[in-house]
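1. here you go, sequence then predicted model.
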Amino acid sequence: MEEKLQPEWKYQLQGLRGLNEPPVPKKPALLVIDMQRYFCDAGAPAYSPDYEAVIEPAQKLIEIFGKLNLPVFATRYYSREGGDPTTRWWGATLDESSPFVDVDPRLNLPADSVVLDKHLYGTFSSTDLDLQLKKLGCDSVVICGVMTDLCCETTAREAFQLGYNVYFVGDATATKDPMLHFAALATLAHGFAYIVTVDNVLKLLEGKDV
């Protein structure tokens, strides 16, 4: 996937700040956004093959972060009792008790990873993630998951506003339409995040001993 995608970024996103060489993070945390059965299970209401394709690259990131003992957070979305903005917008609910809420079982999260439940697009605005990251001394976040233009992008913008360096993994995120995926990458590259690939992240973490 990277071999097809990265040249397109270099051409179409050329000149945007987020395509510059990113700094090496001191202590990054991996955010695995909404990689749930609701999106990745072929029988689920919001399934897309593009979401399922994120599982392998996301797992590569999970494995390297686990190997380096770096923090891994995974989020799960479900509808809040009484409704929330996303429920009103989409006219659909995901009940907390639904098996589709579960993180996709094909992802092998480290034993010490943290699963955060949320009810909004943004992870920071609906969980205590900022507090947890600050306690861990994290200076940056690496974002993968679904959907690129909704929960992933909103979380990236929030992280930037809170002072974190944001590494947004373009070949480990997906949404329902290629245009929306690219538009989100372009917007983030212009003002919020470094747009990287899985291989870029692995190279940034080479030699890190934490």
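-> Thanks, I have the structure now. Numbers count the residues shown, from 1 in each chain.

2. contacts, neighbours, all on C-alpha from now
-> Noted.

3. okay, now the closest residue in space to D102 that isn't next to it in sequence: neighbour count?
-> Counting by C-alpha to C-alpha, 6 or more residues apart in numbering, the nearest residue to D102 once its immediate chain neighbours are dropped is Q36, at 5.4 Å. Here the neighbour count serves as a burial measure; for Q36 (other C-alpha atoms under 10 Å) it reads 27.

4. identify the residues contacting Q36.
-> 76, 100-104 (C-alpha atoms under 8 Å, 6 or more residues apart in numbering).

5. cool, and G191?
-> When contacts are counted by C-alpha under 8 Å, 6+ apart, G191 touches 17-18.

6. before we move on, the earlier item: quick check, nearest of the contacts of Q36 to C40?
-> Within these, proximity to C40 (C-alpha to C-alpha) peaks at D104, which comes in at 6.8 Å.

7. max-length strand in this structure?
-> Taking residue count as the measure and DSSP state E as the definition, the longest strand of the chain comes out as strand 165-174.

8. do you know the pLDDT at D95?
-> Here, the pLDDT recorded for D95 equals 93.

9. for it, what are phi and psi?
-> D95 has phi and psi values of phi -70, psi 140 when expressed as degrees, to the nearest 10.

10. need the contact list for it.
-> Taking C-alpha under 8 Å, 6+ apart, we find D95 in contact with 78-80, 101.
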